[in-house]
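Q: Give the three-dimensional model of this entry:
(one chain, ligands or ions: 1)
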Amino acid sequence: MIRFENVTKRYADGTTAVDDLSFEVAEGELVTLVGPSGCGKTTTMKMVNRLIEPTSGRIVLDGEDIAAVDPVKLRRRIGYVIQQVGLFPHKTVLENTATVPALLGWQRKKARDRAAELLDLVGLDPSVYGDRYPDQLSGGQRQRVGVARALAADPPVLLMDEPFGAVDPVVRERLQSEFLRLQSQVRKTVLLVTHDIEEAVRLGDRIAVYGAGRIEQFDTPASVLGAPATPYVADFVGADRGLKRLSVTPIEPGDLEQPPVVHLDDPLAKAAARLSADGARWAVVLDDADRLHGWIPADAAEEPGKEGKEAAGGTVRDHARRMEAWLPVGSSLKQAFSTMLQHDAGWIAVLDDDRFLGVLTPARLHEALRRSIDADAGGIARAEVELQTVADV
Ligand SMILES: Nc1ncnc2c1ncn2[C@@H]1O[C@H](COP(=O)(O)OP(=O)(O)OP(=O)(O)O)[C@@H](O)[C@H]1O
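A: Below you'll find the predicted structure:
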């Protein structure tokens, strides 16, 4: 979709900002350009919409050399979001959002309807915010308007230069999540510049890690974090890349532990037998459609035995506790860790749609992380990794 072929940019004062760059961004892919200040990210991006012309090499967009396309026509196919947003202060939010459709000559009503639709999509109710002026919005809201405006004419390509750079970390994380949700719906081809490796990892399908004017590694977040191509990349992604990796490593069924499982209508005696056979302190409780209900502690299940009561009359249902800490399979290990903390839970259930697959404990989470790092380093599947534990050494 976007292809850089041996592109070099040398400024008039002799600075080589981009040096013989070649890479490709597939249709619907989100590529983050990350690197320290002054390494050539913005120059790379601005060459795509011809705000800057390359000194040599060419950039091909959808099979067409952009040097041959009229810059104004080219920019209509490319949405552009920048950190300073650049909203018109004297225009309302709705008018700002409708800017490009209006320039394209859309009828006023159609342009305004489209703008309202886009504001809705970025989480701003047009009936509340549409008539406000930019200075009546928070920084995060202004940033959302910037994204809505860039998407209004439905361009296939989106260039984003530090789009979430001007807001505080909490708002930034929220905007990132919202943007990921939006991107999963609109599937634009996106080039996003950031100097923040966390943001690059979180948002990118692939990441281009820049050194001075050159890409040092162009790969998936998991590979960049797990197997940095050069000492420079290793240094840039940081010593805590194991932690960053939590957010890009999905929970796989093979990571899960299988605790005893009982059903709501099982007699307590049966549950107690099951628990003691496994020597387990708790069992997962499913309903009769095998959906997760919760859990039951061993002491509750064993009570009838201890007090010599008949098990009849007592079922698991009477003692089962609800379990709120669960996640769909494929969620990240980071989400798993944060769900454990949020619910103060020693384990979380993992589901495939409604089907219970098993549980993730802190020990299993740690194992999954180590497996995924070793798998990348060795170029093998995660399930094939043999973990060596302290006890083995
Ligand atoms: N108009 C210009 N004339 C001369 N040199 C320039 C010009 N614009 C940028 N540069 C230089 O080119 C290099 C790359 O700049 P660029 O803006 O692409 O970097 P960047 O990676 O986006 O940096 P930042 O994260 O600070 O925005 C820098 O050394 C910069 O000083």
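
Q: only C-alpha atoms for contact and neighbour calcs from this point on.
A: Noted.

Q: Pull up the gap between residue 60 and the ligand, please.
A: Noted for residue 60: a distance of 19 Å to the ligand, by Cα to the nearest ligand atom, to the nearest Å.

Q: And for that residue, nearest residue in space, chain neighbours not counted?
A: Excluding the flanking residues, the one nearest residue 60 by Cα to Cα, 6 or more residues apart in numbering is residue 3, at 5.0 Å.

Q: Taking the stretch 51-200 of the chain, what residue is nearest to the ligand?
A: Nearest residue of the stretch 51-200 of the chain to the ligand (Cα to the nearest ligand atom) works out as residue 195 at 5.9 Å.

Q: all helices for the stretch 251-393 of the chain, in order.
A: Along the stretch 251-393 of the chain, the segments classed as helices by DSSP state H, counting those that start in this stretch run 268-278, 298-306, 316-319, 333-342, 362-378.

Q: Pull out the buried positions in the first one.
A: Along helix 268-278, the positions that meet the burial threshold by neighbour count (16 or more other Cα atoms under 10 Å) are 268, 269, 270, 271, 272, 274, 275.

Q: Please apply the same query to the fourth one.
A: By neighbour count, and taking 16+ other Cα under 10 Å as the criterion, the buried residues in helix 333-342 are 333, 334, 335, 336, 337, 339, 340.

Q: List just the nearest of those residues to the ligand.
A: When these are compared against the ligand (criterion: Cα to the nearest ligand atom), the nearest one is residue 334, at 27.5 Å.

Q: re earlier: ok, the residue of the stretch 51-200 of the chain closest to the ligand - contacts?
A: Contacts for residue 195 (Cα atoms under 8 Å, 6 or more residues apart in numbering) come out as 34, 35, 36, 37, 162.

Q: what subset of those is also close to the ligand?
A: Applying Cα under 6 Å from any ligand atom, the subset of the contacts of residue 195 adjacent to the ligand comprises 36, 37.

Q: Out of the contacts of residue 195, flag the one nearest to residue 73.
A: Of all the contacts of residue 195, residue 73 sits closest to residue 162, with 24.3 Å by Cα to Cα.

Q: who touches the closest one in this structure?
A: Residues in contact with residue 162, defined by Cα under 8 Å, 6+ apart, are 82, 83, 192, 193, 194, 195.

Q: Among the residues you listed, which are located in strands?
A: Among those, the members falling in strands are 82, 192, 193, 194 (criterion: DSSP state E).

Q: Who is the second one paired with across the strands?
A: In this case it means residue 192. When bridges are called by DSSP bridges, residue 192 pairs up with residue 32, residue 160.

Q: hang on, isn't it packed against residue 164?
A: No - under the criterion of Cα atoms under 8 Å, residue 192 makes no contact with residue 164, lying 10.3 Å away.

Q: What parts of the protein come near the ligand?
A: 11, 13, 15, 17, 36-43, 195.

Q: which intervals of this structure have sub-threshold pLDDT?
A: With pLDDT under 70 as the threshold, the chain has low-confidence stretches at 84-85, 239, 303-313, 377-378, 387-393.

Q: domains in it, as residue ranges please.
A: Here the domain parsing of the chain from automatic domain parsing is 2-246, 253-368.

Q: Pipe those into CSV and attach distance to residue 375 per row.
A: Written out in CSV, the entries for these read as follows (distance: least, Cα to Cα, whole Å):
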stretch, distance to residue 375
domain 2-246, 9
domain 253-368, 10
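
Q: closest one to residue 376 among those domains?
A: domain 2-246 (5.9 Å).

Q: what about that closest one, distance to the chain center?
A: Relative to the chain's own centre, domain 2-246 is displaced by 15 Å; criterion: Cα atoms, centre = their mean, to the nearest Å.

Q: Start and end of it, how far apart?
A: Between the start and the finish of domain 2-246 there is a gap of 30 Å, counting by Cα to Cα, to the nearest Å.

Q: oh, and call the first residue 2 from now on, that's how I've got it
A: Sounds good: first residue 2 from here, last item domain 3-247.
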